[in-house]
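> here is a sequence together with a model predicted from it:
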Amino acid sequence: MQCPKCRYEPTLAEMQESPDKCPSCGVYYANALASARAEFGGKDLPMAAPLGAPQAVVIVDFRMSFLSMVLFMVKWAIAAIPAAIILVSIAVALFSFMSGLFGGSEKYAAAGMDAPQSAEQRIPMPAHYNGEFYSGSVERAGSISTIMVRSKFPDGESLYSKFTVDCATGMGGITSSGKSASGMAATGGTFDQVMPDTPRLYIARHACEGSPRLHALLR
């Protein structure tokens, strides 16, 4: 209980020792309450909020020395550096992701080319051919198609090559080859007419799928 006279808040031990008397000013609570009611016209004495109770606080102004304000601003600026680095890293990662997602297709569209198809697909061949042929990326510019081909031989070895074909004329040739996709070198090969019943015919047909202009042999 808070003392009505001196506003002292006794501890639990003090209240147990003297429940009716204020340990600070020595007044009896009952007498102090009666006097206070008489002063307020018989109304209850307005009591302050007990210690520990939540109270609303409104800050209208505060004072800070110039040096303290400078130190505060310096600490704030230093603390903002890691936050800025994190935000820039997130922005760069997001920009890179969006550029990779949409930039590739826009680049090929601006050049009048179809975006390359990177997933390997087996190229159908007649059963009498030894080995297997798989297509990688296919790039198109007008009637010209360039296809990445992996030739897998019966002994398990593979040979990578790029085969370029003019779908409108049926002329094609190997432009580069190697034992790995990253280790291919230019061959300087010439363009020849694709011959019937050869692996090149089926590779050329696969590369020219969807082309608006097709040579009769590639249909």
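Sure thing, it's come through.

> quick one: buried residues of the one helix or strand Leu87 maps to?
Counting by DSSP states H and E, the element that carries Leu87 is helix 66-98. Across helix 66-98, burial judged by 16 or more other CB atoms under 10 Å covers no residue at all. C-beta coordinates here come from the backbone N, C-alpha and C atoms, glycine included.

> quick one, helices of the chain?
Using DSSP state H, the helices of the chain run over 12-17, 29-39, 66-98, 104-110, 199-207.

> and the contacts of the last one?
Around helix 199-207, the neighbours that count as contacts under CB atoms under 8 Å, 6 or more residues apart in numbering are 121, 123-125, 129, 133, 135, 138, 145-147, 149, 163, 165, 167, 170, 172, 194-195, 217-218.

> can we see that at 7 Å?
Helix 199-207 has contacts (CB atoms under 7 Å, 6 or more residues apart in numbering) with 123-125, 129, 133, 135, 138, 145, 147, 149, 163, 165, 172, 194-195, 217-218.

> got the CA coordinates for that helix in CSV?
C-alpha atoms of helix 199-207 as CSV (Å, rounded to 0.1, in the frame of the first residue of the first chain):
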residue,chain,number,x,y,z
PRO,A,199,23.8,-40.1,-90.2
ARG,A,200,24.2,-36.5,-91.4
LEU,A,201,20.7,-36.7,-92.9
TYR,A,202,19.0,-37.6,-89.6
ILE,A,203,21.2,-35.1,-87.7
ALA,A,204,20.2,-32.4,-90.3
ARG,A,205,16.5,-33.3,-90.0
HIS,A,206,16.7,-33.0,-86.2
ALA,A,207,18.5,-29.6,-86.4
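
> average pLDDT for that helix?
Mean per-residue pLDDT for helix 199-207: 90.

> same question for the first one.
The average of the pLDDT scores along helix 12-17 is 82.

> list the buried residues for it?
For helix 12-17, it's none, nothing buried (16+ other CB under 10 Å).

> next one: that helix to chain centre, how far?
The chain centre lies 62 Å from the centre of helix 12-17; the measure is CA atoms, centre = their mean, to the nearest Å.

> output that helix as CSV, restricted to C-alpha atoms.
What follows is helix 12-17 as a C-alpha-only set of coordinates in CSV (Å, rounded to 0.1, in the frame of the first residue of the first chain):
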residue,chain,number,x,y,z
LEU,A,12,6.8,-6.6,1.6
ALA,A,13,8.9,-7.0,4.7
GLU,A,14,7.9,-3.5,6.0
MET,A,15,4.2,-4.2,5.3
GLN,A,16,4.4,-7.5,7.3
GLU,A,17,6.1,-5.7,10.1
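
> so what does it touch, helix or strand wise?
On a contact count with 3 or more CB pairs under 7 Å, 6 or more residues apart in numbering; DSSP states H and E, helix 12-17 meets no helix or strand.
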